[in-house]
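Visitor: pasted the sequence and its predicted model underneath.
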Amino acid sequence: MKRSGPLFTLLAGLLLAVFMLSLNATTGTRSTSAGSDTPADAVSASPAPSKTPTEPATKAPAATATPDRPPPSSGRPSPAVPNGDYAGRTDDDSSAVAVTVRDGRAVAYFCDGRDQESWLKGDVEADGTMRLTNKKGQVLTGELSGRRIRGGVDMGQRTYGFTADKSLEPSGLYRATDTVDGTEVDAGWIVLQDGDQVGVLRRDGEAAPAPRIDPRSGAVTVDGQQLTARPVTP
């Protein structure tokens, strides 16, 4: 009985030692495992890299559109075609035609030098075409090309073709209106480039050939009274 006591004591010590070793092993494993376990949400929730604040970009001021401004006006309409004076004869050489163009407007005179005449006016288009009319329904149509107008005059009962070339002073179109001895006088003249004159004078509406004028001064004598014929413009 005395020998079994120490044996039990030794066995008890061994059991205690085994228990302690087992306890230490279990504790270490759990500590290591606990230290290495990283929750999934902790990984995904890692803070995003901080962004360095930048100054807002300075926007350039929007360009202000400047509306096109028309050039200063001189107060006069721009001519559609060059200004000029044109004079010539009808195709049958029976009459004469003169046309004066100023700032896109035109005035024309047709006369046969005896008793037939017509004053007409209207616009000249940019392409040189024109249609001039009067209250009597007479019409001049023509086209200005270069230094010449080619067209026709419809007098109602007959149409006269004509060609009028650009002329130099004193060639051109003249007119005089006045009262002579109580009679109203209205006369028109076409002075051609070769110096010939074709005109009609009306006294109270009665037509007759017009006397010659001095194209340099416009002087003309009608029934003993001196009048002044002046260039005609639209």
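Guide: Thanks, I have the structure now. All of these numbers come straight from a predicted model, not from anything done at the bench. Residues are numbered from 1 along each chain as shown.
Visitor: every contact and neighbour count from this point should use C-alpha atoms.
Guide: Will do.
Visitor: where do the helices of this structure begin and end?
Guide: 4-36, 40-44 (DSSP state H).
Visitor: flag whichever of these has the least confidence on average.
Guide: Lowest mean pLDDT of these: helix 40-44, a mean of 40.
Visitor: low-confidence stretches in this protein?
Guide: Within the chain, the stretches with pLDDT under 70 are 1-80.
Visitor: residues contacting residue 130?
Guide: By Cα atoms under 8 Å, 6 or more residues apart in numbering, the contact set of residue 130 is 122, 123, 124, 140, 141, 142, 143.
Visitor: bridged to the residue nearest to the third one when sequence neighbours are not counted, which residues?
Guide: It refers to residue 124. Among residues not flanking residue 124 along the chain, residue 130 sits closest, at 4.7 Å (Cα to Cα, 6 or more residues apart in numbering). Beta bridges link residue 130 to residue 124, residue 142, judged by DSSP bridges.
Visitor: so how far is residue 144 from residue 130?
Guide: From residue 130 across to residue 144, the span is 8 Å (Cα to Cα, to the nearest Å).
Visitor: between those two, which contacts overlap?
Guide: Shared contacts of residue 130 and residue 144 (Cα under 8 Å, 6+ apart): none.
Visitor: going by neighbour count, which of the contacts of residue 130 are buried?
Guide: Neighbour counting with 16 or more other Cα atoms under 10 Å marks 122, 123, 124, 140, 141, 142, 143 as buried within the contacts of residue 130.
Visitor: redo these as CSV? Include distance to residue 110.
Guide: Below are these laid out as CSV (distance: Cα to Cα, whole Å):
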residue, distance to residue 110
122, 15
123, 17
124, 18
140, 9
141, 12
142, 13
143, 16
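Visitor: thinking residue 219 is in contact with residue 229, fair?
Guide: Yes - with contact defined as Cα atoms under 8 Å, residue 219 and residue 229 form a contacting pair (6.2 Å).
Visitor: who's more crowded, the two?
Guide: Higher neighbour count among residue 219 and residue 229: residue 229, with 21 against 15, using other Cα atoms under 10 Å.
Visitor: show me what contacts the more buried one?
Guide: For residue 229, the contact set (Cα under 8 Å, 6+ apart) comprises 174, 175, 176, 213, 218, 219, 220.
Visitor: so which of those residues wins on neighbours?
Guide: Tallying neighbours with other Cα under 10 Å puts residue 174 at the head of the contacts of residue 229, with 23 neighbours.
Visitor: hang on, the earlier thing: quick one: the residue nearest to residue 124 from residue 189, how far?
Guide: 22 Å.
Visitor: which ones are touching the nearest residue to residue 156 once chain neighbours are set aside?
Guide: Among residues not flanking residue 156 along the chain, residue 138 sits closest, at 6.2 Å (Cα to Cα, 6+ apart). Residue 138 makes contact with 118, 120, 153, 154, 155, 156, according to Cα under 8 Å, 6+ apart.
Visitor: for those residues, work out which two are farthest apart.
Guide: 120 and 156 (13.5 Å; Cα to Cα).
Visitor: more crowded one of these two?
Guide: Counted by other Cα under 10 Å, residue 120 and residue 156 do not tie: residue 120 has more neighbours, with 22 against 10.
Visitor: who's that one bridged to?
Guide: The partner residues for residue 120, given DSSP bridges, come to residue 108.
Visitor: got the contact list for it?
Guide: Shown in contact with residue 120 (Cα under 8 Å, 6+ apart): 107, 108, 109, 132, 133, 134, 138, 139, 140.
Visitor: how close does it get to residue 217?
Guide: 25 Å.
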